[in-house]
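A.B. asks: Take a look and give me a structure for this.
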Amino acid sequence: MPFTLSGPVDLTRDIKKSRFIARAAPIASEDEAKAFLAAQSDPAANHNCWAWRLGQSYRFSDDGEPSGTAGKPILQAIDGQALDGVVVVVTRFFGGILLGSGGLMRAYGGTAAEMLRLAEKIEIIPMATGEAECGFSDLALVKARLLALPYLTLAEDFEASGVRLTVTLRQGDEQKAADLLRDLTSGRSRLIFPD
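C.D. replies: Model prediction:
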């Protein structure tokens with residue numbers, strides 16, 4: 001299972017008189033990644049190199065450093081820890097000593113990797129949402145038994161003829177929940193998931 005960060009995190013390292021400031025945060029969209037980068041990039045710095053991953057989408061930038069020496073190592077730090085929905089920016093204040101291509105890759109990738117290793121992570125659990133109609137007489141038992149399933153949440157919408165349930169649960173548990181609901185209501189209710 002992939003993981004994401006539980007919240008924003010940062011780390012500062014001094015490498016051969018250059019200061020590297022790494023910052024990261026969880027994201028849910030490309031717009032969130034862009035907003036984080038705009039907020040965290042320091043215009044006074046020599047370089048604001050970054051990378052983000054969101055599912056199969058990813059981007060990275062060397063921001064003036066030699067090609068492949070900053071953005072890609074930051075992305076590799078994200079991928080190396082099986083993280084998803086994460087943006088990282090590493091800001092460099094040049095200290096006067098050239099690091100060379102290998103040194104830059106180690107500095108940017110290493111700073112990002114160390115920060116991400118120290119960060120608190122949470123597991124990303126893919127979810128599915130379905131709907132069911134349930135009679136008032138079945139509601140208490142249905143709620144008690146369905147809510148015993150891990151990661152399941154229910155939303156209720158009361159109508160004249162009964163209750164419309166919106167069921168959100170971990171992907172892979174759909175059939176188990178559908179069978180449970182059918183059995184609890186003797187076939188009167190069915191849990192339906194959109195295709």
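A.B. asks: Helix or strand: which one has the closest residue to residue 12 other than its chain neighbours?
C.D. replies: By the measure of C-beta to C-beta, 6 or more residues apart in numbering, the closest residue to residue 12 outside its immediate chain neighbours is residue 21, 5.0 Å from it. Bear in mind the C-beta positions are built from the backbone N, C-alpha and C, glycine included. Per DSSP states H and E, residue 21 falls inside strand 18-26.
A.B. asks: In that strand, which residues are buried?
C.D. replies: 18, 20, 21, 22, 23, 24, 25, 26 (16 or more other C-beta atoms under 10 Å).
A.B. asks: okay, now the domains of this protein?
C.D. replies: Following the assignment in automatic domain parsing, the chain carries domains at 3-123, 127-184.
A.B. asks: Of those, which is nearest residue 190?
C.D. replies: Nearest of these to residue 190, taken as C-beta to C-beta: domain 127-184 at 6.2 Å.
A.B. asks: Which parts of this protein are strands?
C.D. replies: 3-5, 9-15, 18-26, 47-54, 57-61, 86-93, 121-123, 127-134, 153-158, 163-170 (DSSP state E).
A.B. asks: hey, C-alpha coordinates of stretch 28-40 in PDB?
C.D. replies: In PDB, the C-alpha atoms belonging to stretch 28-40 read as follows (Å, rounded to 0.1, in the frame of the first residue of the first chain):
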ATOM      1  CA  ALA A  28      -4.700  15.900  -3.300                       C
ATOM      2  CA  SER A  29      -4.400  17.800  -6.700                       C
ATOM      3  CA  GLU A  30      -2.000  19.400  -9.000                       C
ATOM      4  CA  ASP A  31      -3.400  22.800  -8.000                       C
ATOM      5  CA  GLU A  32      -2.500  22.100  -4.400                       C
ATOM      6  CA  ALA A  33       1.100  21.200  -5.500                       C
ATOM      7  CA  LYS A  34       1.400  24.400  -7.500                       C
ATOM      8  CA  ALA A  35       0.100  26.500  -4.500                       C
ATOM      9  CA  PHE A  36       2.500  24.800  -2.100                       C
ATOM     10  CA  LEU A  37       5.400  25.500  -4.500                       C
ATOM     11  CA  ALA A  38       4.400  29.100  -4.900                       C
ATOM     12  CA  ALA A  39       4.100  29.600  -1.200                       C
ATOM     13  CA  GLN A  40       7.300  27.800  -0.200                       C
END
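A.B. asks: Can you report the mean pLDDT over the residues of it?
C.D. replies: Stretch 28-40 carries an average pLDDT of 96.
A.B. asks: just stretch 145-156 next, same as before
C.D. replies: 92.
A.B. asks: Show the end-to-end separation of that stretch, please.
C.D. replies: Stretch 145-156 has an end-to-end distance of 15 Å (criterion: C-alpha to C-alpha, to the nearest Å).
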